[in-house]
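A.B. asks: Mind looking at a prediction? Sequence and model below.
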Number of protein chains: 2
Amino acid sequence: MNLDDMILISVDDHVIEPPDMFVGRLPAKYDADAPRLVHREDGTDVWKFRDTVIPNSALNAIAGRPKEEYGLEPQGLDEIRPGCYDVHERIKDMNAGGLLAQMNFPSFPGFAGRLFVTEDVDFSLALVRAYNDWHVEDWCGAYPGRFIPMTIPVIWDAELCAAEVRRNAARGVHSLTFSENPAVMGMPSFHDEFWNPLWTALCDTNTVLSIHIGSSGRITVPAVDSPPDVMITLQPMNIVSAAADLLWSRVLKDFPDIKIALSEGGTGWIPYFLERADKTFDTHATWTMQNFGGKKPSDVFREHFLTCFITDSLGVGLRHEIGIDNITWECDYPHSDSAWPNAPEELWADFSKWNVPDDEINKITYENAMRWYSFDPFAHVAKQDATVGALRRAAEGHDISIRPRSHQVIQPQDKLEQFRLRARAALSNATPNR
Amino acid sequence: MNLDDMILISVDDHVIEPPDMFVGRLPAKYDADAPRLVHREDGTDVWKFRDTVIPNSALNAIAGRPKEEYGLEPQGLDEIRPGCYDVHERIKDMNAGGLLAQMNFPSFPGFAGRLFVTEDVDFSLALVRAYNDWHVEDWCGAYPGRFIPMTIPVIWDAELCAAEVRRNAARGVHSLTFSENPAVMGMPSFHDEFWNPLWTALCDTNTVLSIHIGSSGRITVPAVDSPPDVMITLQPMNIVSAAADLLWSRVLKDFPDIKIALSEGGTGWIPYFLERADKTFDTHATWTMQNFGGKKPSDVFREHFLTCFITDSLGVGLRHEIGIDNITWECDYPHSDSAWPNAPEELWADFSKWNVPDDEINKITYENAMRWYSFDPFAHVAKQDATVGALRRAAEGHDISIRPRSHQVIQPQDKLEQFRLRARAALSNATPNR
């Protein structure tokens, strides 16, 4: 096998929602109150919903731009690649990046769809359903076999959430984006029976609970004046709290078919975490009354958790300590951690470094993703057309060059100030949108 | 080399302070108001200081007890090994455990000495100094060469703290226990110039800032109803926030001689963390304006940070990805993670598993600790008397058997309730003692 022979299914990418996504999808009485994209005088575009304004920060749609332009400042749609919000352009970008398929997390509603929570339950539910219909029909539906469909939750009501999971599973959806810690969102925690209807629906429909880093709306910043690099460094590993919280919970014991994906959580820290969990069990299970029926926590982890990495050389090296059937890869397009369009080269370098055999490469790059997410792209795309090499040949002529920035250039000092404002909001009691 | 030939210096153990520690050490006017150990009707002993009551929880003095007795319930001094609070008995326990030397963190005042903060600055300072005098003279001074001395900080005042560091360095102290996040204690963060006098004093005196997990008083519990195993699993890795916060801070750039120990932080997650930090630098340094003078964050980490592990097989395997000169070992006596008196056997098993060569074993077990902490036990103890085998021979006849519990036996359900109370306090705005 060589680089061009890889088949890449990415389990974590992002869609920047297009302005027309709600058109025709809401009951007419809600049209005037629906979220809308507003073009501002400074050239940026923001989503507005009632009192909430959600800019699209530059780090969230950085694909194809030089590093000098990274930052948290708001952007306009005309400054980002059309592949961020236009599915036809997205497919061209995916082809250029050698990507057979992707799973796209939401942007402006937040990873847990929290934005749509209002005092009007019917309106909120209509928004969630409209979002999911748009995602399944317009986005994923436009190119069968190219997207792992994933819907957003009815985060305020476990019964309604379960019903929405079932409604979507009936049309082939097997992934639900969710909060990595509902308790910090003011909801019952993972340990509360409140969520039982949802766990039942997930198990019944073979739907994966995909918990993305940052999905509770809390970002880890040790202090309000911590440099932004601190937050960025800590981001993936933060999911360890959710991993521990669920690993030891009654959820796995009472719902043995539950599957959880630690989206964008990275992999290199997992072997340490499993060693620590097993040691904790050996030392403390007598008084904490934990019982996994003779299994160790690390065994239980491998039955229930899917991990993924963007760039994580160490994780590739430690793949057997993680679980070769528990690792997937992600491109993270169009966020700043993504190496698009050169992600295949980055990934192949690590496979080569560690002499990973072909069968293990295939598990990591696509087979595990297919099995965990009940996704079969080969029903729509022939395998010989699905490789990095074949897709890139199909993309020949597609412009992947850097385009000039259309609006003001922000100075680093101002970018840092943007970050400080965000850190202050995160550390105050104010609730960030995601 | 075999197991008996190892020389063990542990960089993280704990003293349970004895009742008479303040006797004769405070100005007479403060005697009545000093912290005191109170024996309660239920057989437990608690430290009382003004309105604060600090029980000694069972997990904190578990050495030599069966796992069935682990828990957070308060204990009496007569239920724990005398080695917890009596230095002569401690030495016997160290010998039985094959330990040449130890560094002992405080218990009832908190790792950052927060308990001693009062409205009366003179009184507070007298308490800090009395504590440090007791630690250096009575505890460490009783057996030269057997303890790495470490003092507690004047946590509310950087100038006074610097002066106390200098006072202690003059008598051979090169370790300061400190908070891993002063900002969550309501103090200026690591990034504030407030601390400059302290950083200067640490550099001038070659004193290591030893930041123990949990030292800010914040414990990570995802939700109030998370099982205790979640908190225990997450404890070591939590130090990653402090590691990131300091790694990217101006402290390392402005004070190039500063040295920081991530006490009880474990090691197996460090290689992932360093890979992530380097990736963050590559991707974001343009806008975050980070500059390490041509070095990578992982280089800078190895210049400034000392890591340590109790049991961490993966970390031993990855020792070169961590930094062979940056790893030390700890026994954690008398806490529940400690394998005392069988710690040498546990450690040796991992050295054997990974075929660690003798020179690397020596770095991990004692040479790194000696260099980082400017500690030379061999000025007092001949090397041939310092090995695991020699010390254990010296301890022959010392009783290390399990003794019957003297007071009530707590049922697991009640132990879990104790934990829930603690989790609730940690997640509320209430400030736990440590």
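C.D. replies: It's in. The structure displayed is predicted, hence computed values, not measured ones. Numbering: from 1, shown residues only, chains lettered A, B, ... in the order given.
A.B. asks: what's the helix or strand A:Ser10 falls within packed up against?
C.D. replies: Taking DSSP states H and E as the definition, A:Ser10 sits inside strand A:8-14. Here strand A:8-14 is seen to pack against strand A:99-105, strand A:260-263, strand A:305-309, strand A:327-329, helix A:343-353, helix A:368-372 when contacts are counted using 3 or more C-beta pairs under 8 Å, 6 or more residues apart in numbering or on different chains; DSSP states H and E. The C-beta positions use only the backbone N, C-alpha and C, and glycine is treated the same way.
A.B. asks: Is it possible to get a markdown table of those that adds mean neighbour count and distance to chain B?
C.D. replies: Written out in a markdown table, the entries for the helices and strands packed on strand A:8-14 read as follows (neighbours: other C-beta atoms under 10 Å in any protein chain shown; distance: least, C-beta to the nearest C-beta, whole Å):
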| stretch | mean neighbour count | distance to chain B |
| --- | --- | --- |
| strand A:99-105 | 26 | 20 |
| strand A:260-263 | 27 | 14 |
| strand A:305-309 | 26 | 10 |
| strand A:327-329 | 26 | 14 |
| helix A:343-353 | 18 | 10 |
| helix A:368-372 | 21 | 20 |
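A.B. asks: Need those in a markdown table (columns: mean pLDDT).
C.D. replies: A markdown table is the format used below for these (pLDDT from 0 to 100):
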| stretch | mean pLDDT |
| --- | --- |
| strand A:99-105 | 98 |
| strand A:260-263 | 98 |
| strand A:305-309 | 98 |
| strand A:327-329 | 98 |
| helix A:343-353 | 98 |
| helix A:368-372 | 98 |
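A.B. asks: Select, out of the ones you listed, the one closest to B:Ile402.
C.D. replies: Evaluated over these, closeness to B:Ile402 peaks at strand A:305-309, with 37.3 Å, by C-beta to C-beta.
A.B. asks: Now do that closest one: which elements does it pack against?
C.D. replies: Counting contacts by 3+ C-beta pairs under 8 Å, 6+ apart, strand A:305-309 packs against strand A:8-14, helix A:240-247, strand A:260-263, helix A:313-317, strand A:327-329.
A.B. asks: can you do 6 Å?
C.D. replies: Judged by 3 or more C-beta pairs under 6 Å, 6 or more residues apart in numbering or on different chains; DSSP states H and E, the packing partners of strand A:305-309 are strand A:260-263.
A.B. asks: In chain A, what helix or strand scores lowest on average pLDDT?
C.D. replies: Counting by mean pLDDT, DSSP states H and E, chain A has its least confident helix or strand at helix A:412-427, which shows a mean of 80.
A.B. asks: and the lengthiest helix in chain A, what does it pack onto?
C.D. replies: If each helix of chain A is counted by residues according to DSSP state H, the longest one is helix A:270-288. For helix A:270-288, the contact count by 3+ C-beta pairs under 6 Å, 6+ apart identifies helix A:297-304, helix B:228-234, helix B:313-317 as packing neighbours.
A.B. asks: which residues touch the strand holding A:Ser10?
C.D. replies: With contact meaning C-beta atoms under 6 Å, 6 or more residues apart in numbering or on different chains, strand A:8-14 is reached by A:98-105, A:107, A:263-264, A:308, A:328, A:330-333, A:335, A:365-366, A:369.
A.B. asks: Per-residue pLDDT of A:Gln408, please?
C.D. replies: Among the per-residue scores, A:Gln408 shows a pLDDT of 64.
A.B. asks: Tell me the spacing between A:Ile232 and chain B.
C.D. replies: Applying C-beta to the nearest C-beta, to the nearest Å, one obtains 5 Å for the distance of A:Ile232 from chain B.
A.B. asks: Which residue, other than its chain neighbours, is closest to that residue?
C.D. replies: Closest residue in space to A:Ile232, ignoring its immediate chain neighbours: B:Thr280 at 4.8 Å, by C-beta to C-beta, 6 or more residues apart in numbering or on different chains.
A.B. asks: how about that neighbour, what does it touch?
C.D. replies: By C-beta under 6 Å, 6+ apart, the contact set of B:Thr280 is A:229, A:232-233.
A.B. asks: Near chain B, which residues of the stretch 151-300 of chain A are found?
C.D. replies: By C-beta under 6 Å from any C-beta of the partner chain, the residues of the stretch 151-300 of chain A that approach chain B are A:181, A:183, A:189, A:191, A:222-223, A:225-230, A:232-234, A:241, A:244-245, A:248, A:268-269, A:271-272, A:275-277, A:280, A:284, A:286-290.
A.B. asks: May I see the buried residues of stretch A:356-365?
C.D. replies: A:356, A:360-365 (16 or more other C-beta atoms under 10 Å in any protein chain shown).
A.B. asks: now swap in stretch A:27-36 and tell me
C.D. replies: Going by neighbour count (16+ other C-beta under 10 Å), the buried part of stretch A:27-36 is A:30, A:34-35.
A.B. asks: now, which of the residues you listed lie within strands?
C.D. replies: Using DSSP state E, no member of those sits in strands.
A.B. asks: Pick out whichever of the buried residues of stretch A:356-365 sits closest to B:Leu72.
C.D. replies: Distance to B:Leu72 across the buried residues of stretch A:356-365 (C-beta to C-beta) is lowest for A:Ile364, with 41.5 Å.
A.B. asks: follow-up on the earlier one: got the angle for the strand holding A:Ser10 vs strand A:305-309?
C.D. replies: Direction vectors for strand A:8-14 and strand A:305-309, defined by axes from the mean of the first three to the mean of the last three C-alpha atoms, to 10 degrees, enclose an angle of 90 degrees.
A.B. asks: Report the mean confidence score over the helix or strand just after strand A:8-14.
C.D. replies: Per DSSP H and E, the first helix or strand lying C-terminal to strand A:8-14 is strand A:36-39. The average of the pLDDT scores along strand A:36-39 is 94.
A.B. asks: What pairs with the helix or strand following strand A:36-39, parallel or antiparallel?
C.D. replies: Past strand A:36-39, heading to the C-terminal end, the next element that is a helix or strand (DSSP H and E) is strand A:45-49. Within its sheet, and counting by DSSP bridges, strand A:45-49 is paired with strand A:36-39 (antiparallel), strand A:52-55 (antiparallel).
A.B. asks: ok so, going back, would you mark the buried spots in the longest helix of chain A?
C.D. replies: Counting neighbours by 16+ other C-beta under 10 Å, one finds that the buried residues in helix A:270-288 are A:270-281, A:283-288.
A.B. asks: number of nearby residues for A:Asn355?
C.D. replies: Applying other C-beta atoms under 10 Å in any protein chain shown, we find 8 residues neighbouring A:Asn355.
A.B. asks: actually A:Thr205, not the one I wrote
C.D. replies: For A:Thr205, the count of nearby residues is 18 (other C-beta under 10 Å).
A.B. asks: Please apply the same query to A:Glu367.
C.D. replies: 17.
A.B. asks: number of nearby residues for A:Leu421?
C.D. replies: Residues within reach of A:Leu421, counting by other C-beta under 10 Å, total 12.
A.B. asks: Show me the contact partners of stretch A:204-222.
C.D. replies: With C-beta under 6 Å, 6+ apart as the contact definition, stretch A:204-222 has outside contacts at A:105, A:111-112, A:165, A:169, A:174-181, A:184-185, A:202, A:231, A:234-236, A:238-239, A:242, A:259-261, A:263-264, A:372-374, A:423, A:426, A:432, A:434, B:181, B:241, B:245.
A.B. asks: can you check stretch A:100-115 too?
C.D. replies: By C-beta under 6 Å, 6+ apart, stretch A:100-115 touches A:7-11, A:13-17, A:47, A:49, A:54, A:116, A:128, A:146-148, A:150, A:152-153, A:155, A:177-179, A:212, A:215, A:377, A:386, A:433-434.
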